[in-house]
Structures are given as structure tokens and as C-alpha cells.
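Participant: predicted coordinates and the sequence they were generated for:
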Amino acid sequence: MAVVIAKWAFQVLKDSTNTLLESSPLSIEEVKEYIQEKHKEVLDIHDIHIWEITQDMYNLTAHILIDEKDIKKYEKILTEINHSLEHKYSIVHSTFQFEFTR
């Protein structure tokens, strides 16, 4: 019985480490490449931070550079990025700061 409890306790500790340390359990480079490949309007994405808020649920903040001509459709771009990140990586909350080329 003690072995079962020890195994369970180790798994709980392992699973909660990323949450407690607010570390990035996802590859930032992979997420960056995914956004740029899937959303052609995104010219650059930088200053990315990803952390785990609970097991398998993540937050993301980043700066996104788009062309000045796409200013009018930035809300559509934002919605599409949020939707794709939630389905691909379980990123349930994201905050983006848009920047525009001049």
C-alpha cells in the first residue's frame, strides 16, 4: 500500500511543479513557428511568455508585428490566433500587444 501511495504522491508532485514554478512547459520556439506559419499576416512575434496556470492549461503573452495595411482586420487576426492556440496547445488565456510596420 505504501508503494502505491508513494507512486501517486510522486506523480502529483511532478505534475504540480510546472504550475508552482510558473515555468514554460511548452516550447516557445515551436509556438512562435506555429503562429507564423498558420497566420500569414503575422510578420514577427516576440517577447513571448508562456506559463502553466493549472495542469494542461496555459497562459501566453506576446508582441505581434503585422503590416499597417492589416490594422482594420487585427481583431479577426487576434480571434483566429486565440482559437488556434487553444485547440493546438490548450492555451486558454492569451494577451497580445499588436505592433504595426510603418
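Facilitator: Received the coordinates, thanks. Numbers count the residues shown, from 1 in each chain.
Participant: all contacts plus neighbour counts: C-alpha atoms, from now on.
Facilitator: Fine.
Participant: ok, Q97 to E41 distance?
Facilitator: Taking CA to CA, to the nearest Å as the measure, Q97 falls 15 Å from E41.
Participant: run a quick neighbour tally on V31.
Facilitator: V31 has 17 neighbouring residues, counting by other CA atoms under 10 Å.
Participant: let's have the chain start at 244 instead
Facilitator: Will do, 244 is the new start, and the previous item becomes V274.
Participant: please identify the helix or strand for it.
Facilitator: For V274, the element it lies in under DSSP states H and E is helix 271-281.
Participant: any idea which helix or strand comes after that helix?
Facilitator: Following helix 271-281 in sequence, per DSSP H and E, is strand 285-297.
Participant: which strands or helices does that next one pack on?
Facilitator: helix 245-264, helix 271-281, strand 300-309 (3 or more CA pairs under 8 Å, 6 or more residues apart in numbering; DSSP states H and E).
Participant: Q340 and E284 - which one has more neighbours?
Facilitator: Comparing Q340 with E284 by other CA under 10 Å, the one with more neighbours is E284, at 18 against 12.
Participant: quick check: closest non-adjacent residue to that one.
Facilitator: I309 (5.9 Å; CA to CA, 6 or more residues apart in numbering).
Participant: wait, isn't that neighbour in contact with L286?
Facilitator: Yes. Applying CA atoms under 8 Å, one finds I309 in contact with L286, separated by 5.4 Å.
Participant: ok, those two, which is more surrounded?
Facilitator: I309 (21 against 16).
Participant: bridge partners for that one, pull those for me.
Facilitator: Counting by DSSP bridges, I309 is bridged to V285, F343.
Participant: what is the mean pLDDT for the helix holding V274?
Facilitator: Mean per-residue pLDDT for helix 271-281: 94.
Participant: ditto for stretch 333-345
Facilitator: 91.
Participant: flag every buried residue along that stretch.
Facilitator: In terms of neighbour count (16 or more other CA atoms under 10 Å), stretch 333-345 has its buried residues at I334, V335, S337, F339, E342.
Participant: and which of the residues you listed is nearest P268?
Facilitator: Nearest to P268, judged by CA to CA, of the buried residues of stretch 333-345 is I334 at 11.4 Å.
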